[in-house]
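Undergrad: Let's see this in three dimensions:
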Amino acid sequence: MIYTVTFNPSLDYIVTVPHFTCGMVNRTSEEKIFPGGKGINVSMVLKNLGLENTALGFYAGFTGNELERLIREKGIRADFIPVKEGMTRINVKMRSDEESEINGQGPAISEADIKTLYEKLDRLSDGDVLVMAGSIPDVMPQTIYMDIMKYLADKDLKIVVDATKDLLVNVLQYHPFLIKPNNHELGEIFGVKITEKEDVITYAKKMQEKGAGNVLVSMAGDGAVLVAEDGSIFQAEAPKGKVVNSVGAGDSMVAGFVTGYLKTGSYKEAFQMGVCTGSASAFSEELATEPEVLALLDKNKGIFK
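TA: As a prediction, this is how the structure comes out:
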């Protein structure tokens, strides 16, 4: 079974407001609501690609109830932990002459809630996949990723971590199966600016020296690089297409990689699936579907080396 964990999920309220003006009444021309959060995005794309999975996380209030309903509506097993105080956050994303975002805070997660999460993680069995993605709310220990990996160290799991800075660096000693920084995040860890694939390879190998297995690095319009745990290296240019919505593209890349690897056992196939899944989401209003991914794979065979 595949499990995802989202510590601070959201309802993403996306509104289009032509020519937004501060201090005036502005009316929307379009509104959409989606489940949000990096782990939840991974869950939704995994489901779109045909892989059953369970979404773990915390929810609260009427917004939490709606989040759970939307997740279940998409056919994903939702095993969220109810939090008594606060509510699941609403993130407002406004499209106008300039794009703006207002992100909510999230509920007051208690020590008892965290204990319940560990009880759910006890159910994981050897061979399962666990994806932990996204930021940590201020009310939770900032070591939670590392704490969970230490807690699960005796199990034969494939753990994927998509996080930044110390959240990512601190887990490396527990040998995650896959990490997915982008080139800017990778450079930030080492205090350098990374723009070239050769530099990505150099610093991805340094992450492996610290304990990472596979290092998948996205580079937006410049493509992507995979430094695999077996020593192989794969590179790709970015597939051609019009970027409609970049939100969730990185999460989609993770879901595509996991899907490709579980279906084929090949890092090469996993990398190609990951790149095309990330791009398929970027080229769409919503997250990638399997037909969109397969179409990109068919059209873009020449971008990989």
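Undergrad: who does Arg89 bridge with?
TA: Note on Arg89: beta-bridge partners by DSSP bridges are Ser10.
Undergrad: That one reaches Gln105, doesn't it?
TA: Yes. The criterion here is Cβ atoms under 8 Å, and Arg89 meets it with Gln105 at 5.9 Å. No exception for glycine: its C-beta is placed from N, CA and C like everyone else's.
Undergrad: the more surrounded of the two?
TA: Using other Cβ atoms under 10 Å as the criterion, Arg89 and Gln105 rank with Arg89 on top: 23 against 12.
Undergrad: And that one, how far from Cys276?
TA: 31 Å (Cβ to Cβ, to the nearest Å).
Undergrad: Need the nearest residue in space to the spatially most central residue of the chain, chain neighbours excluded.
TA: Central residue of the chain (Cα atoms, centre = their mean): Asp251, 3.1 Å from the mean position. Spatial nearest neighbour of Asp251, excluding adjacent residues (Cβ to Cβ, 6 or more residues apart in numbering): Asn41 at 3.6 Å.
Undergrad: helix/strand/coil for the one you found?
TA: Following DSSP: H, G, I helix; E, B strand; the rest coil, Asn41 is assigned to helix.
Undergrad: And for Tyr145?
TA: Quick answer, by three-state DSSP: Tyr145 is helix.
Undergrad: my guess is it contacts Met132, does it?
TA: Yes. Between Tyr145 and Met132 there is a contact at 5.7 Å, judged by Cβ under 8 Å.
Undergrad: Packing partners of the strand or helix carrying Glu185?
TA: Secondary structure assignment for Glu185, by DSSP states H and E: helix 183-190. Here helix 183-190 touches helix 165-169, helix 197-209, strand 214-218, going by 3 or more Cβ pairs under 8 Å, 6 or more residues apart in numbering; DSSP states H and E.
Undergrad: where's the nearest residue to Met219 once chain neighbours are set aside relative to Val131, distance?
TA: Leaving aside its chain neighbours, Met219 sits nearest to Asn183 (4.7 Å; criterion: Cβ to Cβ, 6+ apart). According to Cβ to Cβ, Asn183 and Val131 sit 21 Å apart.
Undergrad: So those two - more neighbours on which side?
TA: Val131 (29 against 24).
Undergrad: Quick one: classify the more buried one as helix, strand or coil.
TA: strand.
Undergrad: With Thr63 instead?
TA: Thr63 - assigned by three-state DSSP - is helix.
Undergrad: ok, it - how many residues close by?
TA: 21.
Undergrad: any idea how far the residue lying closest to it once chain neighbours are set aside is from Glu68?
TA: In space, and not counting its chain neighbours, Thr63 is closest to Thr88: 4.2 Å by Cβ to Cβ, 6+ apart. Relative to Glu68, Thr88 is positioned 9 Å away (Cβ to Cβ).
Undergrad: Please identify every residue contacting each of the two.
TA: Common neighbours of Thr88 and Glu68, counting by Cβ atoms under 8 Å, 6 or more residues apart in numbering, are Tyr59.
Undergrad: Neighbour count for these two, which is higher?
TA: Thr88 (28 against 20).
Undergrad: Give the full set of residues in contact with the more buried one.
TA: Applying Cβ under 8 Å, 6+ apart, the residues contacting Thr88 are Pro9, Ser10, Leu11, Phe58, Tyr59, Ala60, Gly61, Thr63, Gly64, Leu67, Gly106, Pro107.
Undergrad: still on that earlier bit, measure the residue nearest to Asp251 to Gly256 for me?
TA: Noted for Asn41: a distance of 12 Å to Gly256, by Cβ to Cβ.
Undergrad: residue ranges for the strands of the protein, please.
TA: Counting by DSSP state E, the chain has strands at residues 2-6, 10-16, 30-36, 53-59, 77-82, 89-95, 100-102, 129-133, 158-162, 178-179, 214-218, 224-227, 233-236.
Undergrad: Relative to Val171, which of these is closest?
TA: Across these, Val171 has its closest neighbour in strand 158-162 (5.3 Å, Cβ to Cβ).
Undergrad: Now do the closest one against strand 129-133, angle only.
TA: 10 degrees (axes from the mean of the first three to the mean of the last three Cα atoms, to 10 degrees).
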